[in-house]
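Asker: Sequence first, predicted coordinates after that:
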Amino acid sequence: MAQSERRQYGEAQNVALTSQVDGVCPRCDKPLFYKKSGKSFKAYEIAHIYPLNPSPQEIKLLKDEERLSEDVNDEDNLIPLCKSCHGKFDKPRTVEEYRQLVEIKKRLIARSGQELLWSSHHLESDIRSVIEALYEENFVGATAADIEYEPTAIDEKVDDSITRPTVRKIKNNVSDYFTLIKTHFSEIDKANPNFSDIVSLQIKTYFLKQQQLGVDKQAIFDNLVSWVNVKTKPKSIDAAEILVSFFVQNCEVF
């Protein structure tokens, strides 16, 4: 079997790979850089998830395991690890650690894909005024008459992929903030006709894109929250969670 050559990875690839893991080792959370005399230095190595040149034993060990790329030097098969974790991952190689790193990398790839979607999906800038209203001290919570809200309504829209804390969070957000958000949308519509319809369509489009990608409902909720958070830049991510919860109740999501 021909030996694969270890490539020299350029600055752009190193930046992309270390940014993907937020600058920390995905196995132990140690920083991938250290500072000395006012300068930053590497404290990591680029690891091949599936081995660059597997031994006969490794080929046998991993023969039925998922591979993220047939090209061992593809970025999908690469991940930066601190030097200690890289050594431990390589020797001795185990199926359990291989599967763990594959799952970590798959989540990172999925997140990178979401970041690309953020730039291609617009959200009306006036939505920030709705977000800002959430931070006001005085607000009127929704009533059953306002939204005909029943706990089972949310329960029927979710499935087992959504955690119980997330379901409870959605219900509480709807109960507390539905009327406030609905009122602010109505006020904006007076000055900017069809604003609420446009935003609803934008939310629905992003939701349908998530469905097209085949992700589960927990991931859809989390991805929508991340997108809204990036687009509106609220003081805290819970504002984005509240807005997405509103659209769950309003039927644009789920």
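Answerer: Great, that's in hand. Residues are numbered from 1 along each chain as shown.

Asker: quick one: low-confidence parts of the chain?
Answerer: Residues of the chain meeting the criterion pLDDT under 70: 1-4, 137-152.

Asker: Quick one: the strands in it, in order.
Answerer: Applying DSSP state E to the chain gives strands spanning 33-36, 39-42, 44-48, 78-82.

Asker: Contacts for the last one, please.
Answerer: Applying Cβ atoms under 8 Å, 6 or more residues apart in numbering, the contact partners of strand 78-82 are 9, 14, 17-18, 21, 25-28, 30, 32, 43-49, 89, 101, 104-105, 108. Heads up, the C-betas are built off the backbone N, CA and C, glycines and all.

Asker: just the angle between it and strand 44-48, please?
Answerer: Computed by axes from the mean of the first three to the mean of the last three Cα atoms, to 10 degrees, the angle separating strand 78-82 from strand 44-48 equals 140 degrees.

Asker: please renumber so the chain begins at 30
Answerer: Renumbered: residue one is now 30, and that last one reads strand 107-111.

Asker: Quickly run through the sheet partners of strand 107-111, with directions.
Answerer: strand 73-77 (antiparallel) (DSSP bridges).

Asker: hang on, the earlier thing: looking at the strands of the chain, which is nearest to L146?
Answerer: For those, distance to L146 was read as Cβ to Cβ. The smallest value, 22.2 Å, belongs to strand 107-111.

Asker: about what we covered before: tell me which of the strands of the chain is the most buried.
Answerer: Per residue and on average, the most neighbours among these fall to strand 107-111, with a mean of 24 (mean count of other Cβ atoms under 10 Å).

Asker: Convert it to CSV, retaining C-alpha atoms only.
Answerer: What follows is strand 107-111 as a C-alpha-only set of coordinates in CSV (Å, rounded to 0.1, in the frame of the first residue of the first chain):
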residue,chain,number,x,y,z
LEU,A,107,-8.1,17.0,10.1
ILE,A,108,-8.5,18.5,13.6
PRO,A,109,-6.1,20.5,15.8
LEU,A,110,-5.2,18.9,19.1
CYS,A,111,-2.9,19.9,21.8
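
Asker: Q240: neighbour count?
Answerer: When neighbours are counted by other Cβ atoms under 10 Å, Q240 registers 11.

Asker: For it, which non-adjacent residue is spatially closest?
Answerer: Using Cβ to Cβ, 6 or more residues apart in numbering and skipping the chain neighbours, the partner closest in space to Q240 is I249 (7.2 Å).

Asker: Tell me if I'm right that the one you found and K238 touch.
Answerer: No: because the distance of 9.6 Å does not satisfy Cβ atoms under 8 Å, I249 is recorded as not touching K238.

Asker: of those two, who's got more company?
Answerer: Between I249 and K238, counted using other Cβ under 10 Å, the more crowded position is I249 (22 against 17).

Asker: Would you mind finding the longest helix in this protein?
Answerer: The residue-count maximum for a helix in the chain (DSSP state H) belongs to helix 193-220.

Asker: Can you name every helix or strand that it contacts?
Answerer: helix 156-162, helix 173-176, helix 180-186, helix 224-242, helix 246-261, helix 266-278 (3 or more Cβ pairs under 8 Å, 6 or more residues apart in numbering; DSSP states H and E).

Asker: on that earlier part again, need the strands of the chain in CSV (columns: distance to E153).
Answerer: Below are those laid out as CSV (distance: least, Cβ to Cβ, whole Å):
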stretch, distance to E153
strand 62-65, 39
strand 68-71, 39
strand 73-77, 41
strand 107-111, 37
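
Asker: So which of the ones you listed is nearest K89?
Answerer: Taking Cβ to Cβ as the criterion, K89 comes closest to strand 73-77 out of these, the separation being 17.6 Å.

Asker: Identify all contacting residues around the closest one.
Answerer: If you take Cβ under 8 Å, 6+ apart as the criterion, strand 73-77 is touched by 38, 43, 46-47, 54, 61-62, 101-102, 106-112, 115, 118-119, 130.
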